[in-house]
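Chemist: here is a sequence together with a model predicted from it:
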Amino acid sequence: MIKSVRQIVCSSLILGGLLAWNVNAGDALWTTNYAQAQKDAAKTGKSLLMDFSGSDWCGWCIKLDEEVFAHDVFKEAVTKDFVPVLLDYPRDKSKIPADVQAQNERLMDKYAIAFKGYPTVILADAKGRPYATTGYQAGGPEAYLKHLAEFRQKGVEIAKYLKQAEAPDLKPLDRARLLDKAMDGVDLPILVQFYGDIVDQIMVLDKDNKAGIKKKYELRLRAAEAEKALADRNPEKAIELYEAVIRDFQPTGEQAQALYFSLSEAYFGARQMDKAKAGLDKALQAAPESQFASRIKMIVEKYFSEPSK
């Protein structure tokens with residue numbers, strides 16, 4: 001789907017001085033040195049597991065620490081595939097060195113944590129390119145490890161196709177197809193920010209759109225502009241951009257469904273409720289049997305159904 005997954009922002013649970021310091025802050029499992037973690041990940045073939053936490057004020061961060069990260073079963077298993085990195089933003093900054101604070105501020109901006117909220121847990125390759133984002137999950141350490149393993153497989157697939165695309169004897173369109181496979185499941189904001197060089201390669205390799213891949217990424221980039229306008233709370237601009245994408249590319253199926261759903265969101269934000277409903281109807285018509293269709297039906301029933309008499 002074109003839509004990026006929106007994180008559920010944790011509500012800040014402030015208990016004054018009663019909250020203990022992050023249980024991971026002094027744990028040897030977690031490094032606070034991002035650059036060194038990248039080197040370790042590159043050397044070992046592991047992924048980065050970045051925990052953006054508010055250790056002395058965020059209730060869900062503390063729950064994640066206590067219910068998952070503090071357990072030996074998690075500590076013993078997680079380092080098989082990950083280099084854990086703690087990026088902490090406590091209210092009491094006296095316990096964090098100034099250079100680490102400066103690093104964490106840079107990374108907060110880079111990964112848009114202010115928009116995502118805390119805790120945000122990002123899985124990324126050694127270059128720091130994300131392939132999955134999560135947060136608090138109930139169920140304890142075993143369930144969380146399974147949760148991470150499922151996301152990790154996505155990163156493995158991306159790395160596999162990127163590696164295959166490096167083969168020197170590939171024809172341009174074959175290379176484009178492999179890069180497309182690598183990027184196919186990457187959310188739009190991540191694609192634009194972290195994989196722009198890959199997108200540029202794809203556009204050059206299929207410059208005449210013989211494989212239909214160039215047009216696909218032209219659409220994705222245009223949709224990313226619209227999604228950014230929506231995220232920036234500019235629904236009128238988002239409406240203009242989404243309508244242009246739909247008009248220019250004439251999408252079908254689930255691709256059309258995702259675009260019409262986003263257009264409906266923009267109309268909803270602009271308080272144009274009739275057009276928001278029409279967008280949802282078109283989204284449903286585009287792919288009535290998709291997994292996303294049931295969610296659209298629920299939204300229609302919740303916000304647009306006639307009140308019972």
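Modeler: Nice, I can see it.
Chemist: which ones are touching the closest residue in space to Ala270 that isn't next to it in sequence?
Modeler: Leaving out its chain neighbours, the residue that sits closest to Ala270 by Cβ to Cβ, 6 or more residues apart in numbering is Pro235, at 4.1 Å. Glycine gets a C-beta too; all of them are placed from N, C-alpha and C. Counting by Cβ atoms under 8 Å, 6 or more residues apart in numbering, Pro235 touches 229, 265-270.
Chemist: go ahead and build a ChimeraX selection from the buried members of those.
Modeler: Restricted to buried positions by 16 or more other Cβ atoms under 10 Å, the ChimeraX selection for these reads:
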select :229,265,266,267,268,269
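Chemist: helices and strands of the chain: which one bottoms out on pLDDT?
Modeler: Least confident helix or strand of the chain, by mean pLDDT, DSSP states H and E, is helix 113-116 with a mean of 82.
Chemist: can you tell me the strand partners of the helix or strand that that helix is followed by and which way each runs?
Modeler: Where DSSP states H and E defines the elements, the next helix or strand beyond helix 113-116 is strand 120-124. Sheet pairing for strand 120-124, assigned by DSSP bridges, gives strand 47-53 (antiparallel), strand 130-134 (antiparallel).
Chemist: who's in contact with the last one?
Modeler: Around strand 130-134, the neighbours that count as contacts under Cβ under 8 Å, 6+ apart are 5, 7, 47, 111, 116, 120-125, 147-148, 151-152, 154-155, 158, 186, 190, 194.
Chemist: could I have the strand or helix carrying Lys63 exported to PDB, CA atoms only?
Modeler: Lys63 belongs to helix 59-64 when assigned by DSSP H and E. The C-alpha coordinates for helix 59-64 follow below in PDB (Å, rounded to 0.1, in the frame of the first residue of the first chain):
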ATOM      1  CA  GLY A  59       5.200   5.400  30.600                       C
ATOM      2  CA  TRP A  60       5.100   3.200  27.500                       C
ATOM      3  CA  CYS A  61       8.900   3.400  27.200                       C
ATOM      4  CA  ILE A  62       9.300   2.200  30.800                       C
ATOM      5  CA  LYS A  63       6.800  -0.600  30.200                       C
ATOM      6  CA  LEU A  64       8.700  -1.700  27.100                       C
END
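Chemist: state the distance from the spatially most central residue of the chain to Tyr303.
Modeler: Nearest to the mean C-alpha position of the chain, by Cα atoms, centre = their mean, lies Thr133 at 4.8 Å. Remark: distance between Thr133 and Tyr303 (Cβ to Cβ, to the nearest Å) = 27 Å.
Chemist: need the contact list for Pro141.
Modeler: Residues near Pro141 by Cβ under 8 Å, 6+ apart: 67-69, 71, 73-74, 77.
Chemist: what subset of the residues you listed is buried?
Modeler: Using 16+ other Cβ under 10 Å as the burial test, the contacts of Pro141 include 67-69, 71, 74, 77 as buried.
Chemist: in the least confident helix or strand of the chain, what counts as buried?
Modeler: Residues 113, 116 are the ones in helix 113-116 that count as buried (16+ other Cβ under 10 Å).
Chemist: any idea which of the strands paired with strand 120-124 scores lowest on pLDDT?
Modeler: Lowest mean pLDDT within the strands paired with strand 120-124: strand 130-134, at a mean of 94.
Chemist: next helix or strand past that one?
Modeler: Immediately after strand 130-134, counting by DSSP H and E, sits helix 140-164.
Chemist: buried residues in that next one?
Modeler: 141, 144-145, 147-148, 151-152, 155, 158-159, 161-162, 164.
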